[in-house]
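Chemist: make a model of this:
(2 chains)
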2 protein chains.
Amino acid sequence: MEHGGDLSVAMERFGGEPGDWLDLSTGINPYSYPLPASLPLSTWTALPAKSALERLVAAARQTYRVPDQLGLVAAPGTQILLSLLPNLLPDGPVAIASPTYSSHKKVWAREGREPVELSSIYALPADARIVLLVNPNNPDGQLVDVKSLLEIARTLTERGGYLVLDEAFADVVPGASILPHLGGENVLVLRSFGKFFGLAGLRLGFLAGPKEATSRLSGVLESWCLSGPALEIGTAALKDSSWQEAMTRQLVDEMADLTLTLSQHGLSVFGGTPLYALAGLRNAKGLHEALARRRIWTRVFDYAPTWMRLGLPGGADKLERLSEALADAQKEL
Amino acid sequence: MEHGGDLSVAMERFGGEPGDWLDLSTGINPYSYPLPASLPLSTWTALPAKSALERLVAAARQTYRVPDQLGLVAAPGTQILLSLLPNLLPDGPVAIASPTYSSHKKVWAREGREPVELSSIYALPADARIVLLVNPNNPDGQLVDVKSLLEIARTLTERGGYLVLDEAFADVVPGASILPHLGGENVLVLRSFGKFFGLAGLRLGFLAGPKEATSRLSGVLESWCLSGPALEIGTAALKDSSWQEAMTRQLVDEMADLTLTLSQHGLSVFGGTPLYALAGLRNAKGLHEALARRRIWTRVFDYAPTWMRLGLPGGADKLERLSEALADAQKEL
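Modeler: Presented below is the predicted three-dimensional model:
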């Protein structure tokens, strides 16, 4: 499976070394949570203790405001969680709010359950049993309000179905998460650790939902599949609410700067979150390649030839580099 | 799920801090593969690249001598792989060579497919379709020869079944692995990275087998569920054949010393591998607790009240500590 941030793909096509590239192709926070100067050796050598996993899950429960009556499981990234969902959830038609992060559709299609694509979640098909929604959405940042989601969730619950919400980018959009509002509805919520905390290489993600659903997953996943470093660093980061608050403000500020820069170069931002901007332009693929020749890697979409998604450069110098590359690249188009 | 090495369980019952304990309850090599002085920051921050996973799997293929025609998938530890097997393999009766590592039985029982326990793999039930064997076995080190395994594998293949071999400790027993001898038989082989390389906290394991079986797993697992550090350190360690050879010799020597010390204190070693000794004694549970009061954690077994499994202490000082504790503890019994 490919992902935006795979610079090895960029280097294969356009050359250069990892250090040459400014990678804007992901929504990963460029300001990673500070790593400890060193980790105890036992973090690497010993099998992770059950108590370490419990501490991590408790920290996640508090940060993500997961109600006590819901189950919460940790995994090495949300990707494996969403891959396991077709085996976990009931049979029946699957619908997905589109366009969105492509993996959701792929994992269901692989199991022979090709999802119906919905242009709007509000137009819920009468037979849909499983509904998938990325909220806020990737790449356009579209946000569905919690009240509407709860209503959809109740409809699906009555049908014996499930609403699956991927809240991969909800950390940076206050009020976006449904988690604090959940009661007994059949809703599964995916939370990504690596994006907001800028530590995607750590591999850490969570799924919250009714205990009868999460307990089946924990049989597979609470089998020490989280690394010692993920347990240690994840717990510290999730507990650090002052870093989280300051970082959210900083990301909002920097996204404003990026939006302004893009608009100065004729790219109008029409969607996104504080971790990525979605811009419209006539020839996104042409600009994508012209920027790639300047070792700046952005994200374009086969299904939308006028869209370009850009993550935060991570500082004034890098924003300036992007600005100059945009001016220069556009002369070629 | 509990495991031998969970010192938090020991501390709950007997007190003390992690640094006080000598943990002999696992078969994890106490001499861990040397960690790099530092890892590139991108190992932590970036989503792992597909190319990094490919390098890791290529290194594992060479070290474990996996024939080209077999598939090989990497996972965050073998535990998640064995947990996923009931969903991967065909229906039909399951048999397991017993007693052995308890997780295998548990994951099948959880799916409603309680395995039949075999005292000998040679007495294959006529209806068995899936056969599970830990080879060399944990805790007794029993080894089934490759020729017999291939014969069993062919019988099961003709039935449309599978032989599942957990080679968690095969690294330290030259000639034990079936991998170099496999052709088209329906055999799945689990390989653990963390035990021999002493890096159980890294979470890394592999499964080799026919491509039609492994490709279903890779859909779930090649979804970046390995951490950046696991990819980086795992690849380096698997390629380091001189460390592997020297370490195997060292472990054999130290196990000889441990065996001698145990026998001097009346514990006769009757099984094991260079990573753990299985000793017989009258009151294993009593000695286990007396050692625990001296902050030495060993492994005992509900099903065999005379068995005690001990891992390598990791050096002459620690062996001496064990020796003194054994002398002292036995006065209490």
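
Chemist: does residue A:328 touch residue A:293 like I think?
Modeler: No - the criterion here is C-beta atoms under 8 Å, and residue A:328 misses it with residue A:293 at 9.8 Å. Where C-beta positions appear, they are placed from N, C-alpha and C, glycine not excepted.

Chemist: residue A:7 and chain B: what is the separation?
Modeler: The gap separating residue A:7 from chain B is 7 Å, by C-beta to the nearest C-beta, to the nearest Å.

Chemist: mind listing what's buried along the lowest-mean-pLDDT helix or strand in chain A?
Modeler: Of all helical and strand segments in chain A, the minimum by mean pLDDT, DSSP states H and E falls on helix A:211-221, at a mean of 87. Going by neighbour count (16 or more other C-beta atoms under 10 Å in any protein chain shown), the buried part of helix A:211-221 is A:213, A:214, A:216, A:217, A:218, A:220, A:221.

Chemist: and for that helix, what's in contact with it?
Modeler: Contacts of helix A:211-221 with the rest of the structure, by C-beta atoms under 8 Å, 6 or more residues apart in numbering or on different chains, involve A:69-75, A:80-81, A:84, A:88-89, A:162, A:186, A:188, A:207-208, B:80, B:83-84, B:107, B:110.

Chemist: rerun that using 6 Å as the cut-off
Modeler: Applying C-beta atoms under 6 Å, 6 or more residues apart in numbering or on different chains, the set of residues contacting helix A:211-221 from outside is A:71, A:73, A:75, A:88, B:83, B:110.

Chemist: just the closest of the residues you listed to residue A:255, please.
Modeler: Using C-beta to C-beta, residue A:75 is the member of the contacts of helix A:211-221 that sits closest to residue A:255, with 28.4 Å.

Chemist: get me the contact residues on chain A for chain B.
Modeler: Residues of chain A lying close to chain B by C-beta under 6 Å from any C-beta of the partner chain are A:1, A:3, A:5-6, A:8, A:32, A:43-47, A:49-51, A:76-77, A:79-80, A:83, A:110, A:198-203, A:219-220, A:223-225, A:227-228.

Chemist: grab the nearest non-local neighbour of residue A:204.
Modeler: Nearest residue to residue A:204, sequence neighbours excluded (C-beta to C-beta, 6 or more residues apart in numbering or on different chains): residue A:193, at 3.9 Å.

Chemist: isn't the one you found up against residue A:203?
Modeler: No - Residue A:193 is not in contact with residue A:203 according to C-beta atoms under 6 Å; the separation is 8.6 Å.

Chemist: quick check: longest strand of chain A.
Modeler: In chain A, taking DSSP state E as the definition, the longest strand is strand A:304-311.

Chemist: quick check: mean pLDDT across the helix ranked longest in chain A?
Modeler: Scanning chain A for the helix with the most residues, using DSSP state H, yields helix A:241-264. Across helix A:241-264, pLDDT averages out at 98.

Chemist: now the element after that helix, going C-ward?
Modeler: strand A:268-273 (DSSP states H and E).

Chemist: what's that next one packed up against?
Modeler: strand A:276-280 (3 or more C-beta pairs under 6 Å, 6 or more residues apart in numbering or on different chains; DSSP states H and E).

Chemist: just to revisit the earlier point, distance of the residue nearest to residue A:204 from chain B?
Modeler: Taking C-beta to the nearest C-beta as the measure, residue A:193 falls 12 Å from chain B.

Chemist: backbone dihedrals for the closest residue in space to residue A:22 that isn't next to it in sequence, both of them.
Modeler: In space, residue A:22 comes closest to residue A:296 once its chain neighbours are excluded; the distance is 4.7 Å by C-beta to C-beta, 6+ apart. Main-chain torsions, residue A:296, degrees, to the nearest 10: phi -120, psi 120.

Chemist: relative to residue B:281, how far out is residue A:120?
Modeler: Per C-beta to C-beta, to the nearest Å, residue A:120 is found 70 Å from residue B:281.

Chemist: show me which of the two is the more surrounded one.
Modeler: A direct count of neighbours by other C-beta atoms under 10 Å in any protein chain shown for residue A:120 and residue B:281 places residue B:281 higher, at 19 against 10.

Chemist: ok, back up a step: which of the residues of chain A next to chain B are buried?
Modeler: Here, 16+ other C-beta under 10 Å leaves A:3, A:5-6, A:32, A:43-47, A:49-50, A:76-77, A:79-80, A:83, A:198-203, A:220, A:223-225, A:227-228 buried among these.

Chemist: ok, and what's touching the longest strand of chain A?
Modeler: A:24, A:26-27, A:139, A:276-280, A:284, A:298-301.

Chemist: ok, these vs chain B, which is closest?
Modeler: Nearest to chain B among the contacts of strand A:304-311 is residue A:26, at 6.7 Å by C-beta to the nearest C-beta.

Chemist: for chain A, give me the ranges with low pLDDT.
Modeler: A:1-5, A:222-223 (pLDDT under 70).

Chemist: just give me the residue closest to the centre of it.
Modeler: The residue lying closest to the centre of chain A (C-alpha atoms, centre = their mean) is residue A:168, at 3.2 Å.

Chemist: for it, which non-adjacent residue is closest in space?
Modeler: residue A:192 (4.2 Å).

Chemist: the one you found and residue A:169: what is the separation?
Modeler: Applying C-beta to C-beta to residue A:192 and residue A:169 gives a distance of 8 Å.

Chemist: so residue A:265 touches residue A:326, yeah?
Modeler: Yes - between residue A:265 and residue A:326 there is a contact under C-beta under 6 Å: 4.1 Å.

Chemist: so between those two, which is more surrounded?
Modeler: residue A:326 (20 against 16).

Chemist: gap between the more buried one and residue A:263?
Modeler: Distance from residue A:326 to residue A:263, by C-beta to C-beta: 11 Å.

Chemist: ok, residue A:299 next?
Modeler: Applying C-beta to C-beta to residue A:299 and residue A:263 gives a distance of 18 Å.

Chemist: over to residue A:193?
Modeler: Taken as C-beta to C-beta, the span from residue A:193 to residue A:263 is 32 Å.

Chemist: between these two, which one's more packed in?
Modeler: Using other C-beta under 10 Å as the criterion, residue A:193 and residue A:263 rank with residue A:193 on top: 30 against 13.

Chemist: so how far is residue B:109 from the closest residue to residue A:110 other than its chain neighbours?
Modeler: In space, residue A:110 comes closest to residue B:219 once its chain neighbours are excluded; the distance is 5.8 Å by C-beta to C-beta, 6+ apart. For residue B:219, the distance to residue B:109 equals 26 Å [C-beta to C-beta].
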